[in-house]
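> From the sequence below, what's the structure:
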Amino acid sequence: MKKQIYIALITVFIVSAYAIFRIGSTGAAPATEVSYSREVYPILESRCAACHMGEFVSEGLDMNTYESLLEGSQNGPVIIPGDVGNSLLVKMVTEGKMPKRGPKLTPAQIQILSDWINAGAPNN
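Numbering: from 1, shown residues only. The predicted model follows:
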């Protein structure tokens, strides 16, 4: 009986920790300011450049500049400043759908993108 109680408590703890992590990573303001030029752009350059930077860009999503990134793709905006939950860019990398080729983004890189978007996606 005690073993079942311990298992139930551990399960509740793990589920609670996961829920807190998910809520914290999608709704709260970042603890520190994220820099587009120093933190966000290098991630995009290292993981997205093959398809979204250069002369020809996939789906019309040009990530060469801050302005072109905020313009979005032929399917509409991919970043909604201040709203990571409705920003397609984060959804696609979180679900592992992007990048299609090469290594996926790390959880830390996804967190940087999320914090930047939640902060209003400033051009800093």
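> Ile80: what's it in contact with?
86-87, 117 (C-beta atoms under 8 Å, 6 or more residues apart in numbering). Placement of C-beta: from N, CA and C, glycine included.
> ok, Leu44 - how many residues close by?
A count of nearby residues for Leu44, using other C-beta atoms under 10 Å, gives 19.
> and the nearest residue to it once chain neighbours are set aside, how far is that from Ile43?
Across the structure, with C-beta to C-beta, 6 or more residues apart in numbering as the measure, the residue nearest Leu44 apart from its sequence neighbours is Met63 (4.9 Å). Between Met63 and Ile43 the distance, using C-beta to C-beta, to the nearest Å, works out to 10 Å.
> the more surrounded of the two?
A direct count of neighbours by other C-beta under 10 Å for Met63 and Ile43 places Met63 higher, at 21 against 18.
> The more buried one reaches Cys48, doesn't it?
Yes. The pair Met63 and Cys48 passes the contact test of C-beta atoms under 8 Å, sitting 5.3 Å apart.
> those helices in this protein, which residues are they?
2-27, 41-47, 49-52, 66-71, 88-94, 107-118 (DSSP state H).
> Residue ranges in the chain under the pLDDT threshold?
By pLDDT under 70, the low-scoring segments of the chain are 1-32.
> ok, 50 please
Along the chain, the parts satisfying pLDDT under 50 run over 8-9, 12-13, 15-23, 26, 30.
> In ChimeraX, select just the buried ones from the contacts of Ile80.
Buried subset of the contacts of Ile80, written as a ChimeraX selection, criterion 16 or more other C-beta atoms under 10 Å:
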select :87,117
